[in-house]
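**Student:** Output the structure for:
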Amino acid sequence: MKRYVLFLKIGLLILLSLSIAFLLLKGLYFTAVMCFLILLGIAFSLYLDQRKMLQRMEHLIANIRYGDMNLSFPVPSAGGAEASLTRAMNEALSAFRTRLYNVVVSEAETEAWQKLIRVLTHEIMNSIAPIISLSETVTERAASNGLNERDYGIMLQAMQTIHRRSKGLLDFVENYRKLTRIPAPTQQLFPISTLFDDLRGLYPAGDVSFSFSVRPTDLRVYADRSMIEQVLINLLKNAAEACKDCSFPEVRVNAFRREGVPVITVSDNGCGIVPEAMDKVFVPFFTTKQGGSGIGLSVCRQIMNRHGGSITVVSEEEKGTTFTLQFPQTRVL
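**Tutor:** Residues are numbered from 1 along each chain as shown. Here you go, the predicted structure:
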């Protein structure tokens, strides 16, 4: 309804403008003045309508700027273009709120895990270091003091066991410390095709088929090349392990633009991820693989967060899994 009112007002403005010109030519000045006043009234009405919309937008922008993300535009009951635009803006704002919430929760969760890991690794390493040193010292003194062969053998075996298990625990802790040592990315513009060429060399034809595709072929991304390569190597390794028991195991890596930003997907035709594990795959130490450390995907997410991008996963049991890397629009050149 409001759309027709707008068209009517514009039509009246055109008609009145022509009428005023005609009346002036005929010398009917009083009537021309009256028509001009009516024209000013309609023009002022159009201005008020436009101003009302701008004020509502300014109000919403001000609330977003000061952190109030709960407000939205009231949808006009009359319908029409304004109502459609209002609904679209509300949907966009709702999607923005959801995305912002996910980013904030993800960063808070990662920060909490990092703090916990820093404390645990500090305490564990402080305890393990003197044990390793002591086991080495005792072994050396036992050899120099000339113990009999039997006693020396027993003690040496015990010391070696202590030393081996302590070193194993130290390596284990050092592995988890990677979660707190991800450096700031050194970003540069590079073609994705060259990155895929290097990955082809790491994953030649074998039991699992790997395919790489870039559209357009000159697609480039602004990122830390080595860190993105690390992310893709992790995803390719996981994908290969997920589909290795299939009849025709296949891993597909695609790069393309989506809504103006570069996107890389890694898909496999493996067993998929069980629904109850979907919301935990990026949580540090969570793993569904026997002997897995549970830090690979967490590191991948932190690397993408460091780039201002995101990593998401979609999976269906017995049909496969797809991980999607999306880079921020501000980095596209």
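**Student:** rest of the way, CA atoms for contacts and neighbours
**Tutor:** OK.
**Student:** Please verify my assumption that Gln326 contacts Val263.
**Tutor:** Yes - with contact defined as CA atoms under 8 Å, Gln326 counts as touching Val263 (4.7 Å).
**Student:** Can you point out the buried residues in stretch 38-58?
**Tutor:** Of the residues in stretch 38-58, 39, 42-43 count as buried by neighbour count, 16 or more other CA atoms under 10 Å.
**Student:** let me fix that: stretch 214-225
**Tutor:** 214, 219-225.
**Student:** and the two most separated of the residues you listed?
**Tutor:** Val214 and Asp224 (18.4 Å; CA to CA).
**Student:** Distance of the residue nearest to Asn269 when sequence neighbours are not counted relative to Val299?
**Tutor:** Nearest residue to Asn269, sequence neighbours excluded (CA to CA, 6 or more residues apart in numbering): Gly320, at 4.1 Å. Using CA to CA, to the nearest Å, Gly320 is found at 22 Å from Val299.
**Student:** Show me what the mean pLDDT comes to for stretch 280-296.
**Tutor:** For stretch 280-296, mean pLDDT is 71.
**Student:** One more: stretch 43-52?
**Tutor:** pLDDT averaged over stretch 43-52 gives 79.
**Student:** likewise stretch 184-197?
**Tutor:** pLDDT averaged over stretch 184-197 gives 91.
**Student:** same thing with stretch 17-30?
**Tutor:** The average pLDDT for stretch 17-30 rounds to 80.
**Student:** if we look at it, which residues are touching it?
**Tutor:** 31-33, 35-36, 39 (CA atoms under 8 Å, 6 or more residues apart in numbering).
**Student:** Doesn't Val263 lie inside a strand?
**Tutor:** Yes - according to DSSP: H, G, I helix; E, B strand; the rest coil, Val263 belongs to a strand.
**Student:** residue contacts, it?
**Tutor:** 255-257, 324-327 are the contacts of Val263 under CA under 8 Å, 6+ apart.
**Student:** ditto for Ile264
**Tutor:** Neighbours of Ile264 in contact, by CA under 8 Å, 6+ apart: 253-256, 324-326.
**Student:** can you pull the contacts of the residue nearest to Asn269?
**Tutor:** Gly320 neighbours (CA under 8 Å, 6+ apart): 243, 267-273.
**Student:** Just grab the bridge partners of it for me.
**Tutor:** Here Gly320 shows beta-bridge partners Glu316, assigned using DSSP bridges.
**Student:** For it, give its distance to Leu18.
**Tutor:** Taking CA to CA, one finds Gly320 at 68 Å from Leu18.
**Student:** try Gly41
**Tutor:** For Gly41, the distance to Leu18 - CA to CA - is 16 Å.
**Student:** Name the nearest residue to Gln230, ignoring sequence neighbours.
**Tutor:** Cys300 (8.0 Å).
**Student:** Compute the number of surrounding residues for the residue nearest to Cys246 when sequence neighbours are not counted.
**Tutor:** Excluding its sequence neighbours, the residue lying closest to Cys246 (CA to CA, 6+ apart) is Gly270, at 6.5 Å. The criterion is other CA atoms under 10 Å. On that basis, Gly270 has 26 neighbouring residues.
**Student:** any idea which element Gly270 lies in?
**Tutor:** Assigned by DSSP states H and E, Gly270 belongs to no helix or strand.
**Student:** That one contacts Glu318, correct?
**Tutor:** Yes - at 6.3 Å, Gly270 counts as touching Glu318 under the criterion of CA under 8 Å.
**Student:** Which two among the contacts of Ile264 are spaced furthest apart?
**Tutor:** It's Val253 and Gln326 that sit farthest apart of the contacts of Ile264, by CA to CA, at 13.5 Å.
**Student:** out of the contacts of Val263, which are inside strands?
**Tutor:** Judged by DSSP state E, the subset of these located in strands is 255-257, 324-326.
**Student:** Count the residues that sit near Val299.
**Tutor:** Neighbour tally, Val299, other CA under 10 Å: 23.
**Student:** Can you tell me the SS state at it?
**Tutor:** helix.
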